[in-house]
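*Asks:* I would like the atomic coordinates for the input below:
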Amino acid sequence: MRALVQRVARAEVRLADAAAAAAAAPLGTIGTGLLVLLGVAPDDGAAEVAWVADKLAHLRVFEDAAGKMNLALGDVGGAVLLVSQFTLYGDVRGGRRPGFAAAARPEVAEPRYLEVAARLRAHGLEVATGAFGRAMHVELVNDGPVTLWLDSAER
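*Replies:* Alright, predicted model coming up:
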């Protein structure tokens with residue numbers, strides 16, 4: 001499981017379809033927190049879900065009174081915007097068009113994505129999500145900027 005994590009002042013996700021996006025409210029909106037773009041591999045299971053969710057819930061990437069990154073989401077009342085992104089498993093080594101053979105099929109990826117969201121909620125965190133498998137527009141204000149890469153295969 002891979003996660004691109006950005007500390008944000010705010011973030012939102014909408015459907016990319018122009019008509020749907022114009023007529024509808026955002027799918028998910030957060031203030032202070034983490035925007036997490038999440039990719040799932042075919043063999044990811046409960047252990048990877050637990051590792052990623054627990055890591056996200058406890059990452060100390062928010063500044064304390066001394067200006068040190070020493071606080072986690074719960075310490076600052078932060079939220080998570082979780083957006084599925086199979087392209088994190090894109091492979092461009094063989095040419096100019098990415099291949100996605102290393103990404104899980106939707107029937108495997110969607111349950112894992114939803115399990116990560118549920119586990120984050122079980123930590124007492126507010127979690128907003130995108131629409132799995134749909135084209136979306138993500139808007140964010142990166143705070144810092146702080147951007148981190150998590151890969152459960154490298155733990």
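*Asks:* all contacts plus neighbour counts: C-alpha atoms, from now on.
*Replies:* OK.
*Asks:* what's the biggest strand in the chain, counting residues?
*Replies:* As assigned by DSSP state E, the longest strand anywhere in the chain is strand 136-151.
*Asks:* quick check, pLDDT for Pro26.
*Replies:* pLDDT recorded at Pro26 is 89.
*Asks:* my guess is it contacts Ala11. True?
*Replies:* No. At 10.1 Å, Pro26 and Ala11 do not qualify as touching, with contact defined as C-alpha atoms under 8 Å.
*Asks:* show me which of the two is the more surrounded one.
*Replies:* Each of Pro26 and Ala11 has its neighbours counted (other C-alpha atoms under 10 Å); Ala11 has more, 22 against 17.
*Asks:* from Tyr89, how far out is Arg96?
*Replies:* Per C-alpha to C-alpha, to the nearest Å, Arg96 is found 15 Å from Tyr89.
*Asks:* show me which of the two is the more surrounded one.
*Replies:* Between Arg96 and Tyr89, counting by other C-alpha under 10 Å, Tyr89 is the more crowded of the two (20 against 8).
*Asks:* and Gly133, what element?
*Replies:* For Gly133, there is no enclosing helix or strand under DSSP states H and E.
*Asks:* pretty sure Gly33 contacts Leu73?
*Replies:* Yes. Judged on C-alpha under 8 Å, Gly33 makes contact with Leu73 at a distance of 6.5 Å.
*Asks:* please enumerate the shared neighbours of those two.
*Replies:* Ala79 (C-alpha atoms under 8 Å, 6 or more residues apart in numbering).
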